[in-house]
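# fold the stuff below for me.
(one chain, ligands or ions: 1)
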Amino acid sequence: MVNRDSETKGMMAWVPGLRQTGCTVRGLALVMVTGSLWAQAAPAEQTIVIRASKLFDSDSGRVLDRPAIVVRGSRIESVGSGNGPLPPNARQINLGDATLVPGFIDVHTHLTLNAGNAGYEALGISVPRAALIGAKNARVTLLAGFTSVRNVGAEGYADVALRDAINAGDVIGPRMQVSGPPLGITGGHCDSNLLAPEFHYSAEGAADGVEAVSHKVREVVKYGADVIKFCASGGVFSKGDNPLLEQYSPAEMQALITEAHRLGRRVATHAHSAVAIKDAIRAGVDSIEHGIFLDDEGIQLLKEHKTFLVPTSYPLFWFQEHAPQMHLPPWVMEKAAIIIPAAKQNMAKAFRSGVRVALGTDAGVYPHGENWGEFWAMVELGLTPTQALQAGTANAAELMGWSDRIGSIRTGKLADMVAVKGNPVTDVRLLQHVEFVMKDGVIYKDEISSNGSASPAKQ
Ligand SMILES: [Zn+2]
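I've put the predicted structure just below:
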């Protein structure tokens, strides 16, 4: 088995996106977004003191009272009680009875897709159009409190363009790791089976055989992938494949994952079928996405290999409510009817068993900006609100290899934090309305602060 903890921690420092992470927005004088939502410049050494009623410590799972966070530039300078001396001339932000939480992290998004873009209609969306859809959804996602995301699957490298545009300060959005086109077998979930043979169309990530998958990993890395996504089994939104069956062989998975790790990239796999889940874990995958038909042996393997489960639970609930109005193709509806009850049951069992969970929403299957629903759904299926919050902060940061910079409000980390009114540990639904968002020390949203920090934008 690949020892991911020791192997990839060092490597992830070399993920290309990291070198560009974050600070360009601070060069802007003042960016009005809309109404009370704005990004306000933090000159390189501006110091901000943020006070709130509570702070959720994602490392310990404890809630601390009356925190005072000192932010200098893009980083957290100190986390304390506010009783000691604080820097003079610092800008003061008082968030009243709110709870500060580390910026949320979503490890499974599809920012360049809109909900409902399935089947034949999706074929009419160009790559440039997808990138612009991504710009809209990146903004919505950031303002919902998600300051970092992993985008897993985008044709034409629209996600690479989006990541780079955010890092350059051209558009606002979360810090991103991106996969580019997802790898998959010919005719599988990550290919496209909608067109007649005479069109000779294959998705960009289609690759078959040990040599071809190794080459494809090198290719997507060449064009900007921070993480590798592949499809180990069939799925719901694809025509003509079966979520109960495995797609890549164990040998292909082994070759793909070995090559990705060699190049310092972690690997996420879409896996529904029990056999695909187990073969991917044995081959050293870093996270199982969806895990619909996870069985007892699969749960045991997840624990043995310390592999993360990314359950994407909220779509199960959302889909049941909204699918009838979405006019989806019949093959989607037929598969969903089998998958939804099985997934709810198996995720609840996995949660009870104590597997490691990282929050991933599959946003794009449902509207972006509703990502908070994953916290709620995981609690519905048995996690405590504290565990759900950890899945969407500290655990997600660990899966992305970014524990050294995000995932908790700690001295030296990037100043990514959000605030909600009240205490989300006692009521997870409070996460639905994030009232304060800071990323890299820049405030993008503040509906609470009473001291007029919004005033330049409001005047
Ligand atoms: Zn997905």
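# helices along the stretch 301-450 of the chain, start to end?
314-322, 330-353, 373-380, 385-391, 394-399 (DSSP state H, counting those that start in this stretch).
# and stretch 251-259, how far out from the chain middle?
24 Å (C-alpha atoms, centre = their mean, to the nearest Å).
# reformat the helices of the stretch 301-450 of the chain as JSON lines; add distance to residue 244.
Yep, even glycine has a C-beta here, placed from its N, CA and C like the rest. Converted to JSON lines, the helices of the stretch 301-450 of the chain look like this (distance: least, C-beta to C-beta, whole Å):
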{"stretch": "helix 314-322", "distance to residue 244": "17"}
{"stretch": "helix 330-353", "distance to residue 244": "8"}
{"stretch": "helix 373-380", "distance to residue 244": "23"}
{"stretch": "helix 385-391", "distance to residue 244": "27"}
{"stretch": "helix 394-399", "distance to residue 244": "26"}
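# next one, pLDDT for the closest residue to residue 250 other than its chain neighbours please.
Nearest residue to residue 250, sequence neighbours excluded (C-beta to C-beta, 6 or more residues apart in numbering): residue 279, at 4.6 Å. Looking at residue 279, its pLDDT reads 98.
# can you show me the CA trace of the helix or strand hosting residue 279 as CSV?
Assigned by DSSP states H and E, residue 279 falls within helix 274-282. The C-alpha coordinates for helix 274-282 follow below in CSV (Å, rounded to 0.1, in the frame of the first residue of the first chain):
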residue,chain,number,x,y,z
ALA,A,274,-18.8,-2.4,-3.9
VAL,A,275,-16.1,-4.1,-5.9
ALA,A,276,-14.9,-0.8,-7.5
ILE,A,277,-14.7,0.8,-4.0
LYS,A,278,-12.6,-2.1,-2.6
ASP,A,279,-10.3,-2.4,-5.6
ALA,A,280,-9.7,1.4,-5.6
ILE,A,281,-8.8,1.4,-1.9
ARG,A,282,-6.5,-1.6,-2.3
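# got the angle between it and helix 330-353?
With axes from the mean of the first three to the mean of the last three C-alpha atoms, to 10 degrees defining the directions, helix 274-282 sits at 50 degrees from helix 330-353.
# next secondary structure after helix 274-282?
Following helix 274-282 toward the C-terminus (DSSP H and E): strand 287-290.
# count of neighbours near residue 285?
29 (other C-beta atoms under 10 Å).
# all helices for the stretch 151-300 of the chain, in order.
Going by DSSP H, counting those that start in this stretch, the stretch 151-300 of the chain shows helices at 158-167, 210-222, 250-262, 274-282, 296-305.
# could you dump these to TSV with mean neighbour count and distance to residue 235?
Output for those, formatted as TSV (neighbours: other C-beta atoms under 10 Å; distance: least, C-beta to C-beta, whole Å):
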stretch	mean neighbour count	distance to residue 235
helix 158-167	24	19
helix 210-222	18	18
helix 250-262	21	16
helix 274-282	24	11
helix 296-305	17	17
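# just put those helices in CSV and tack on distance to residue 204.
What follows is the helices of the stretch 151-300 of the chain, written out as CSV (distance: least, C-beta to C-beta, whole Å):
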stretch, distance to residue 204
helix 158-167, 11
helix 210-222, 9
helix 250-262, 15
helix 274-282, 21
helix 296-305, 30
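# thinking again about what came up before, can you check which of the helices of the stretch 301-450 of the chain gets nearest to residue 58?
helix 394-399 (4.1 Å; C-beta to C-beta).
# contacts for that closest one next, please.
58-59, 102, 105-107, 148, 150, 266, 286-287, 308, 310, 356-360, 403, 405-408 (C-beta atoms under 8 Å, 6 or more residues apart in numbering).
# what mean pLDDT does stretch 143-158 have?
Mean pLDDT, computed over stretch 143-158, is 97.
# for the residue nearest to residue 250, list the residues it contacts.
Here residue 279 is in contact with 232, 246, 248, 250, 253 (criterion: C-beta under 8 Å, 6+ apart).
# where does pLDDT dip in the protein?
Low-confidence segments of the chain (pLDDT under 70): 1-44, 450-459.
# ok, 90 please
1-46, 81-89, 115-123, 192-194, 234-246, 319-338, 449-459 (pLDDT under 90).
# selecting buried members of the contacts of helix 394-399 in PyMOL, what would you type?
Provided next is the PyMOL selection string for whichever of the contacts of helix 394-399 are buried by 16 or more other C-beta atoms under 10 Å:
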select buried, resi 58+102+105+106+107+148+150+266+286+287+308+310+356+357+358+359+360+403+405+406+407+408
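# out of the contacts of helix 394-399, list just those in strands.
102, 105-107, 148, 150, 266, 287, 308, 310 (DSSP state E).
# give the contact list for the closest residue to residue 241 other than its chain neighbours.
Among residues not flanking residue 241 along the chain, residue 234 sits closest, at 3.6 Å (C-beta to C-beta, 6+ apart). Contacts for residue 234 (C-beta under 8 Å, 6+ apart) come out as 188-189, 241-245, 247, 272-273.
# look up how far residue 257 lies from residue 234.
20 Å (C-beta to C-beta, to the nearest Å).
# please apply the same query to residue 278.
14 Å.
# and for residue 183?
From residue 183 to residue 257 the distance is 11 Å (C-beta to C-beta).
# overlap in contacts of the two?
Common neighbours of residue 183 and residue 257 (C-beta under 8 Å, 6+ apart) are residue 228.
# list the contacts of residue 47.
70-72, 77, 87, 89-91.
# so which of those residues wins on neighbours?
Going by other C-beta under 10 Å, residue 71 tops the contacts of residue 47 with 27 neighbours.
# list the contacts for that one?
Contacts of residue 71 by C-beta under 8 Å, 6+ apart are 42, 47-50, 77, 415, 438, 441.
# likewise residue 176?
17, 111, 138, 148-151, 159, 162-163, 166, 226.
# closest one of these to residue 213?
Nearest member of these to residue 213, counting by C-beta to C-beta, is residue 226, at 18.3 Å.
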